[in-house]
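[1] Below: sequence and its predicted model.
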2 protein chains.
Amino acid sequence: MIINIIGVGLLGGSFALALREKYPYLKIVGVDQSTVNQKIALAKGLVDEILPLEEALQKAELSVLATPVDSILQLLPHILDQIPAGRTVMDLGSTKEAICQIADTHPKRAQFVAVHPMAGTENSGPGAAFRELLPGKNVIICDAFKSHPDSSALVEALLRDAGMKIHYMTPAEHDLHLAYVSHLSHISSFALGLTVLVKEKDEKTIFDMASTGFSSTVRLAKSSPAMWAPIFDQNKENVSKALADYIDLLQRFKQAIDSQDIPQSMDFMVKANEIGRILSGIEKK
Amino acid sequence: MIINIIGVGLLGGSFALALREKYPYLKIVGVDQSTVNQKIALAKGLVDEILPLEEALQKAELSVLATPVDSILQLLPHILDQIPAGRTVMDLGSTKEAICQIADTHPKRAQFVAVHPMAGTENSGPGAAFRELLPGKNVIICDAFKSHPDSSALVEALLRDAGMKIHYMTPAEHDLHLAYVSHLSHISSFALGLTVLVKEKDEKTIFDMASTGFSSTVRLAKSSPAMWAPIFDQNKENVSKALADYIDLLQRFKQAIDSQDIPQSMDFMVKANEIGRILSGIEKK
């Protein structure tokens, strides 16, 4: 079997590495507009061959669209136009409503499977890809009933063999939840990094005084702007609402500190502590 | 030599563990109002003996005040009243202005050294103490010139032997920088955790959809409210200003997303990316 990864970056490359573990005879071809990325992808063994898009689409049983989400929107109709009958295309985009809407208008909708793995790092590009990124993580498939059973079966087999746990939801549910659980945390981190940079002109001060706690909280501020700007744009209604909720809470926290209302500050923090219990996967009493 | 750790938690306990590596004949006595913490501290070997405060102060060459900062403010004058001539007290508090102001009014000011290690985790208590917390980290000493040379020499020897790099600044500088580089990141994380908890009533959704990026950004939301409420309160002017800057930036980011001003969003993120370079300690071109 031949699969084709369009956009051999962190996610596409890590998917390739996870699949190679279970599919020793799988051939992986790559499509990438960056010649540097092409070279890195070949040298790391993420792909066996680099091909032009049109040729890769003809060769592959499955095409995996792993570009930033603005490119997914542009490429998906074009790819569906071109792929032969019986072949499948899946995406790995961080938004789902706009992408599924575009797919829904296409006569070959059934050949598409809308996928989003709950995994990533602040790094990007094929150099950042690693085999352990996806195994053990959750993955969401949207509008699964709109995909041909054969396309769904192929994609789900690969995701499961890559060690992922599959969940199903609508694109609207996906984008709403992601706004809070992922997109908001990226914005909070970008804004934190920038606030500190604007205030602390002396880089050495930041470096000397930053603890591991600060590093952890601003880690996502290193993320790729080219990847995240279109995500925020495609999910702007949900992201805007999540940001409004966050800003409102920060203002109330500030008010509690300004007025020395320590019980109120304590109350915010005690409630926020609950997130630790949830993330540890420990059942509540 | 005998040292006395008052408040045998994450920081006090980790300091004890780091010192034991280099000072095999050091005797460490502990003071803690929690009987559970006393038992954990003894069982972990953080301290050799638990004593009442008054007795410990008489015995120890050096007393290390490692309680939350509200308790430091209350205890410090009382401790300075009681310690014999020639003995030293140091604190490990996350704020420095209020603590140094209290010390400055005391006739035995020279026996006090104001210290803050740039290290911590989201966990607290003696069970969270570990030997590797402090070695390799930066530590700040404030108003060093106000301490007796013998007191400074003792404290600095111990900090260096615990593997820490010493920096000097005024309490005002310390509290201003910490508001941005530490206190703000804790508030941003507490508020992020709480925003998601308020919106996502179904814990399983958070658990299923949270990636490692989200976990990293909300890690500090697990921090101890009893420790952080008095820090925010003692540093309220700086923290309030830092929060105002942060909220302002979030509002401008939101405005860029709402108006689909992608170049502006990109610009925020590209600038924020710079924090990664600084935290990696890589010199700018």
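    Cool, the structure landed. What you see is a predicted model, and the numbers here were worked out from it, not measured in a lab. Residues are numbered from 1 along each chain as shown, chains lettered A, B, ... in the order given.
[2] pretty sure A:Ser216 is touching B:Lys222, no?
    No - contact between A:Ser216 and B:Lys222 fails when scored by C-beta atoms under 8 Å: they sit 11.2 Å apart. The way it works is simple: take the backbone N, C-alpha and C, and place the C-beta from them, glycine included.
[3] Identify the residues contacting A:Leu80.
    A:89, A:103, A:106, A:108-109, A:111-112 (C-beta atoms under 8 Å, 6 or more residues apart in numbering or on different chains).
[4] Same list, the residues you listed, but as JSON lines with distance to chain B, secondary structure and neighbour count please.
    Shown next, in JSON lines, are the contacts of A:Leu80 (distance: C-beta to the nearest C-beta, whole Å; DSSP: H, G, I helix; E, B strand; the rest coil; neighbours: other C-beta atoms under 10 Å in any protein chain shown):
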{"residue": "A:Val89", "distance to chain B": "24", "secondary structure": "strand", "neighbour count": "25"}
{"residue": "A:Ala103", "distance to chain B": "22", "secondary structure": "helix", "neighbour count": "28"}
{"residue": "A:His106", "distance to chain B": "25", "secondary structure": "coil", "neighbour count": "15"}
{"residue": "A:Lys108", "distance to chain B": "29", "secondary structure": "coil", "neighbour count": "17"}
{"residue": "A:Arg109", "distance to chain B": "25", "secondary structure": "helix", "neighbour count": "16"}
{"residue": "A:Gln111", "distance to chain B": "27", "secondary structure": "helix", "neighbour count": "23"}
{"residue": "A:Phe112", "distance to chain B": "22", "secondary structure": "strand", "neighbour count": "29"}
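[5] export those residues to TSV and tack on pLDDT?
    Listed next are the contacts of A:Leu80 as TSV, based on pLDDT from 0 to 100:
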residue	pLDDT
A:Val89	98
A:Ala103	98
A:His106	98
A:Lys108	98
A:Arg109	98
A:Gln111	98
A:Phe112	98
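[6] Do you know the pLDDT at the nearest residue to A:Ser147 once chain neighbours are set aside?
    Spatially, and ignoring its direct neighbours in sequence, A:Ser147 is nearest to A:Val113 (4.7 Å; C-beta to C-beta, 6 or more residues apart in numbering or on different chains). Note for A:Val113: predicted pLDDT of 98.
[7] What of A:Asp202?
    At A:Asp202, pLDDT is 81.
[8] Next, the angle helix B:236-258 makes with the longest helix belonging to chain A.
    Ordering each helix of chain A by length in residues (DSSP state H) puts helix A:236-258 first. Interaxial angle, helix A:236-258 versus helix B:236-258 (axes from the mean of the first three to the mean of the last three C-alpha atoms, to 10 degrees): 170 degrees.
[9] Report the buried residues of helix A:236-258.
    For helix A:236-258, burial by neighbour count (16 or more other C-beta atoms under 10 Å in any protein chain shown) applies to A:236, A:238-243, A:245-247, A:249-250, A:252-254, A:256-257.
[10] near chain B, which residues of the stretch 51-200 of chain A?
    A:118-122, A:137-138, A:140, A:167, A:177-178, A:180-182, A:184-200 (C-beta under 8 Å from any C-beta of the partner chain).
[11] Which ones among these map onto strands?
    Among these, the ones falling in strands (DSSP state E) are A:138, A:140, A:167.
[12] Excluding chain neighbours, what is closest to the first one?
    Leaving aside its sequence neighbours, A:Asn138 sits nearest to A:Met118 (C-beta to C-beta, 6+ apart; 4.4 Å).
[13] Summarise which helices and strands whichever strand or helix holds A:Ser14 is packed against.
    Secondary-structure assignment from DSSP states H and E places A:Ser14 in helix A:10-22. Here helix A:10-22 touches strand A:2-6, strand A:27-31, helix A:149-161, going by 3 or more C-beta pairs under 8 Å, 6 or more residues apart in numbering or on different chains; DSSP states H and E.
[14] run the last query once more with 7 Å
    In terms of contacts (3 or more C-beta pairs under 7 Å, 6 or more residues apart in numbering or on different chains; DSSP states H and E), helix A:10-22 is packed against helix A:149-161.
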